[in-house]
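# prediction below, plus the sequence it came from.
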Amino acid sequence: MTQLDATKSIESIESHNHHHPWYSHPDIERDRSHVQKQYNNLSDVLNRYQKEQKQYQQNKIQEPNCNGGDDDGYDDDDDDRTIVDISNGSKFLLISSEGMWHQQISSSSSQSTTTAAALPLYLTATQLVEVVSSTSSIDNCNGGNVNNSNSNSNENDDNNDDYNHGEQTIAKDEPLIAYIGKYQDTDYWVVYLKDRGNNGDDDGFKESYHLKSVLTETFIQGNDAATATSTTNFSNGRLLECKPLREFGDSLEASYDAGILATANGLVEFHKSHGYCSYCGDPTKPSKAGGSRKCSNNNCRRSVYPRIDSATIMLVTSPCDKYALLGRKKSWPAGRFSTLAGFCEVGETLEECCQRETFEESGVVVDPVSVRFEASQPWPFPRSLMVGFRAKAISTVITIVGGSTLSSSESLPEIIVDTSEMEDIRWFSKEFVRERLSLGGSTALSFQPNDAEKEFHVPGKASLARYLITNWTDEII
Ligand SMILES: [Zn+2]
């Protein structure tokens with residue numbers, strides 16, 4: 001019997017956290033109860049911010065008169081709603097139709113942007129107001145209640161609460177906001193700025209170009225005004241970019257950023273695809289601070305929550321465990337091989353999905369007893385949960401011409417590639433894969449492989465596939 005060792009168990013917890021798959025983070029608090037009743041749309045958030053600013057100004061004026069402590073006469077009815085300090089305790093991420101904004105940090109002079117690190121572009125409330133009021137999508141908002149750029153011009157601010165909590169008209173062009181979660185006392189939100197639409201502008205005008213100039217200006221003015229060199233390049237080799245998260249996720253520096261950004265991506269994808277009720281067809285509107293949507297038809301009023309699609313991803317080894325079954329899709333960058341994967345079907349267990357998908361794609365039969373869970377990973381592109389398994393193939397009985405049969409644990413099961421799904425599937429030896437892992441890899445679909453990578457590379461650290469592959473190559477045979 002082994003004695004329990006407290007130190008050891010703490011270590012194992014720490015090491016587990018350390019190795020949590022990319023796009024998840026155990027320390028991000030996902031409790032939205034403190035915001036879900038207060039904030040359903042961007043107007044709510046910006047109005048709250050406006051009030052905070054006013055309060056701040058008022059306190060500043062009162063201070064010299066030693067009138068501290070007495071807040072009478074100002075927004076008292078609102079005190080119970082001061083739950084989220086938007087001025088200081090919130091950060092905002094922007095997603096446009098073309099992706100998510102981030103800063104690329106290139107390493108000194110070289111042009112190796114693929115190895116550069118990425119930092120998410122988190123905006124403060126002040127920066128958010130500037131950006132939102134500068135984008136034309138907000139101009140189309142019929143509500144007119146997001147006019148925050150000149151906060152002192154509206155004497156009726158206090159009434160905006162009633163306006164917002166009354167019967168809401170669905171402002172189709174209002175940017176969408178959703179609460180992501182809290183990390184180290186900061187509330188994170190995502191704002192989705194929708195397409196500009198066809199409103200008479202040049203067809204070639206892309207929203208992101210406009211946004212980029214607005215963002216760059218806002219961001220530089222807020223942080224780097226003195227050192228800014230151009231409209232797109234920050235000082236210290238930083239470059240502002242807009243890309244789908246999948247394209248720069250590998251290069252994110254911090255795992256909590258990866259977790260926050262992935263959640264943001266999934267939430268925005270949910271809102272984009274659930275604009276209408278699937279029961280009655282009427283428009284839905286965001287509720288619970290962007291955590292759900294509710295049908296606007298009073299006879300229906302059904303709520304819809306983000307859906308998560310389960311998929312299995314499995315590292316299937318040969319019966320001798322010295323080889324792994326890796327395949328590639330035609331659309332992937334040259335040389336990329338990864339573990340097989342597929343969506344779970346109705347009426348199926350994850351283990352069965354693991355066997356079925358392997359057999360459908362490769363013709364290889366998985367030993368049902370060998371299937372074991374290893375790790376899972378959120379993959380909100382748009383709404384998957386990857387459930388990672390290890391499994392072993394059943395050794396194939398090879399019939400030799402002449403009648404005799406040969407069964408060998410060293411023989412590699414025959415592969416029959418389903419070419420409608422995969423371009424190539426092969427057995428790769430552990431030594432080969434281990435050696436090639438050190439060359440790097442990438443999860444990005446726009447990845448430009450070098451000559452060695454064109455021959456073989458595996459996905460980058462953002463992918464659960466790499467996690468499964470690395471665990472296998474780390475094992476001593
Ligand atoms: Zn409905």
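Arrived safely.

# what sits up against stretch 258-271?
22-25, 28, 30, 93, 95, 100, 120, 176, 178, 180-181, 183, 188, 190, 192, 245, 249, 252, 286, 290-291, 293, 306-307, 378, 380-383, 462 (CB atoms under 8 Å, 6 or more residues apart in numbering). Any C-beta I mention is one placed from the backbone N, CA and C, and that applies to glycine too.

# ok, now with 6 Å
Stretch 258-271 has contacts (CB atoms under 6 Å, 6 or more residues apart in numbering) with 22-25, 28, 93, 95, 120, 176, 178, 180, 188, 190, 192, 245, 252, 306, 378, 380, 382-383.

# buried subset of those residues?
22-25, 28, 93, 95, 120, 176, 178, 180, 188, 190, 192, 245, 252, 306, 378, 380, 383 (16 or more other CB atoms under 10 Å).

# from these, which ones fall inside helices?
Using DSSP state H, the members of those that fall in helices are residue 245.

# circling back: among the contacts of stretch 258-271, which are within reach of the ion?
Counting by CB under 5 Å from the ion, the subset of these that neighbours the ion is empty.

# pLDDT weak spots in the chain?
For the chain, the stretches with pLDDT under 70 are 1-19, 62-83, 106-115, 136-173, 195-208, 220-237, 396-410, 477.

# ranges for the helices of the protein?
Under DSSP H, the chain gives helices at 6-18, 42-62, 86-89, 125-134, 136-139, 160-165, 207-219, 245-248, 255-273, 350-362, 430-437, 451-455, 464-474.

# out of those helices, which comes closest to residue 325?
For those, proximity to residue 325 was assessed by CB to CB; helix 350-362 is nearest, at 6.1 Å.

# near the ion, which residues of this structure?
So the chain meets the ion at 277, 279-280, 282, 295, 297, 300 (CB under 5 Å from the ion).

# make JSON lines out of those and add distance to residue 353.
Shown next, in JSON lines, are the residues of the chain next to the ion (distance: CB to CB, whole Å):
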{"residue": "277", "distance to residue 353": "30"}
{"residue": "279", "distance to residue 353": "29"}
{"residue": "280", "distance to residue 353": "33"}
{"residue": "282", "distance to residue 353": "35"}
{"residue": "295", "distance to residue 353": "32"}
{"residue": "297", "distance to residue 353": "36"}
{"residue": "300", "distance to residue 353": "34"}
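
# in strands, which of those residues fall?
Using DSSP state E, the subset of these located in strands is residue 295.

# and the residues of the chain next to the ion, which of them are buried?
Among those, those classed as buried by 16+ other CB under 10 Å are 277, 282, 295.

# these two touch, right, the first one and residue 295?
Yes. Judged on CB atoms under 6 Å, residue 277 makes contact with residue 295 at a distance of 3.9 Å.

# which residues are in contact with both of the two?
Joint contacts of residue 277 and residue 295 (CB under 6 Å, 6+ apart) are residue 284.

# burial of the residue in the stretch 1-150 of the chain positioned nearest to the ion, as a residue count?
Per CB to the ion, residue 40 is where the stretch 1-150 of the chain lies closest to the ion, at 17.3 Å. Residues lying near residue 40 (other CB atoms under 10 Å) number 25.
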